[in-house]
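Undergrad: curious how this folds, go ahead:
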Amino acid sequence: MATAGALASMGQELVGPDTALRVTLVEAGSRLLAAFSPRSSRRALEDLRRRGVEVRLNETVDSADAGGVTLADGHR
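TA: Got it, this is the predicted structure:
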(Lines give C-alpha, C1' and ligand atoms only; values in the text may rest on other atoms or scores of the structure.)
Protein backbone atom coordinates (compact mmCIF):
# COMPACT_ATOMS: atom_id res chain seq x y z
CA MET A 1 0.00 0.00 0.00
CA ALA A 2 2.78 2.45 0.86
CA THR A 3 4.38 1.60 -2.47
CA ALA A 4 1.25 2.64 -4.38
CA GLY A 5 1.22 6.04 -2.67
CA ALA A 6 4.93 6.53 -3.27
CA LEU A 7 4.61 5.55 -6.93
CA ALA A 8 1.82 8.04 -7.47
CA SER A 9 3.78 10.85 -5.82
CA MET A 10 7.09 10.05 -7.53
CA GLY A 11 5.45 9.49 -10.88
CA GLN A 12 3.88 12.92 -10.92
CA GLU A 13 7.24 14.49 -10.04
CA LEU A 14 9.03 12.57 -12.80
CA VAL A 15 6.56 12.89 -15.66
CA GLY A 16 4.73 16.05 -14.63
CA PRO A 17 1.10 16.68 -13.79
CA ASP A 18 -0.02 16.85 -17.44
CA THR A 19 1.00 13.26 -18.23
CA ALA A 20 -1.52 10.48 -17.80
CA LEU A 21 -0.15 8.28 -15.03
CA ARG A 22 -2.39 5.69 -13.47
CA VAL A 23 -1.62 3.85 -10.23
CA THR A 24 -4.18 1.29 -9.08
CA LEU A 25 -4.08 -0.70 -5.86
CA VAL A 26 -6.09 -3.93 -6.00
CA GLU A 27 -7.14 -5.34 -2.62
CA ALA A 28 -9.02 -8.62 -2.31
CA GLY A 29 -10.44 -7.64 1.08
CA SER A 30 -13.21 -5.22 1.92
CA ARG A 31 -10.80 -2.65 3.37
CA LEU A 32 -7.12 -1.75 3.47
CA LEU A 33 -4.96 -2.68 6.45
CA ALA A 34 -7.46 -5.23 7.70
CA ALA A 35 -5.29 -6.07 10.73
CA PHE A 36 -5.55 -2.46 11.90
CA SER A 37 -8.51 -0.48 13.18
CA PRO A 38 -11.27 0.58 10.78
CA ARG A 39 -10.20 4.18 11.37
CA SER A 40 -6.65 3.40 10.20
CA SER A 41 -8.04 1.65 7.13
CA ARG A 42 -10.25 4.62 6.30
CA ARG A 43 -7.37 7.10 6.72
CA ALA A 44 -5.09 5.01 4.50
CA LEU A 45 -7.77 4.85 1.81
CA GLU A 46 -8.34 8.61 1.97
CA ASP A 47 -4.60 9.31 1.78
CA LEU A 48 -4.11 7.08 -1.25
CA ARG A 49 -7.06 8.60 -3.09
CA ARG A 50 -5.79 12.09 -2.28
CA ARG A 51 -2.48 11.08 -3.93
CA GLY A 52 -4.36 10.00 -7.03
CA VAL A 53 -4.26 6.25 -6.45
CA GLU A 54 -7.29 4.33 -7.66
CA VAL A 55 -8.13 1.79 -4.95
CA ARG A 56 -10.16 -1.27 -5.94
CA LEU A 57 -11.51 -3.15 -2.91
CA ASN A 58 -13.01 -6.65 -3.08
CA GLU A 59 -11.16 -7.28 -6.35
CA THR A 60 -8.54 -9.79 -7.46
CA VAL A 61 -6.10 -9.84 -10.36
CA ASP A 62 -6.65 -12.56 -12.95
CA SER A 63 -3.58 -11.85 -15.12
CA ALA A 64 -0.90 -9.27 -15.82
CA ASP A 65 1.12 -8.37 -18.90
CA ALA A 66 3.20 -5.46 -20.22
CA GLY A 67 0.01 -3.49 -20.90
CA GLY A 68 -1.44 -3.79 -17.42
CA VAL A 69 -3.57 -6.14 -15.40
CA THR A 70 -6.90 -7.85 -15.96
CA LEU A 71 -9.12 -8.19 -12.93
CA ALA A 72 -11.09 -11.33 -12.19
CA ASP A 73 -14.28 -9.55 -13.30
CA GLY A 74 -12.71 -8.82 -16.71
CA HIS A 75 -12.00 -5.11 -16.21
CA ARG A 76 -8.63 -3.90 -17.40
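
Undergrad: excluding chain neighbours, what is closest to residue 41?
TA: Nearest in space to residue 41, with sequence neighbours left out and distances taken as CB to CB, 6 or more residues apart in numbering, is residue 31 at 4.3 Å. Bear in mind the C-beta positions are built from the backbone N, C-alpha and C, glycine included.

Undergrad: so what's that neighbour up against?
TA: By CB atoms under 8 Å, 6 or more residues apart in numbering, the contact set of residue 31 is 38, 41-42, 45, 57.

Undergrad: dump these to TSV, plus distance to residue 69 and pLDDT.
TA: As requested, the contacts of residue 31 are exported to TSV (distance: CB to CB, whole Å; pLDDT from 0 to 100):
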residue	distance to residue 69	pLDDT
38	27	97
41	23	96
42	25	96
45	20	95
57	15	97
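
Undergrad: now those as TSV including secondary structure, neighbour count and distance to residue 66?
TA: Output for the contacts of residue 31, formatted as TSV (DSSP: H, G, I helix; E, B strand; the rest coil; neighbours: other CB atoms under 10 Å; distance: CB to CB, whole Å):
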residue	secondary structure	neighbour count	distance to residue 66
38	helix	10	37
41	helix	19	32
42	helix	13	34
45	helix	19	29
57	strand	14	26
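
Undergrad: tell me the one of these nearest residue 24?
TA: Nearest to residue 24, judged by CB to CB, of those is residue 57 at 11.5 Å.

Undergrad: thanks a lot, catch you later.
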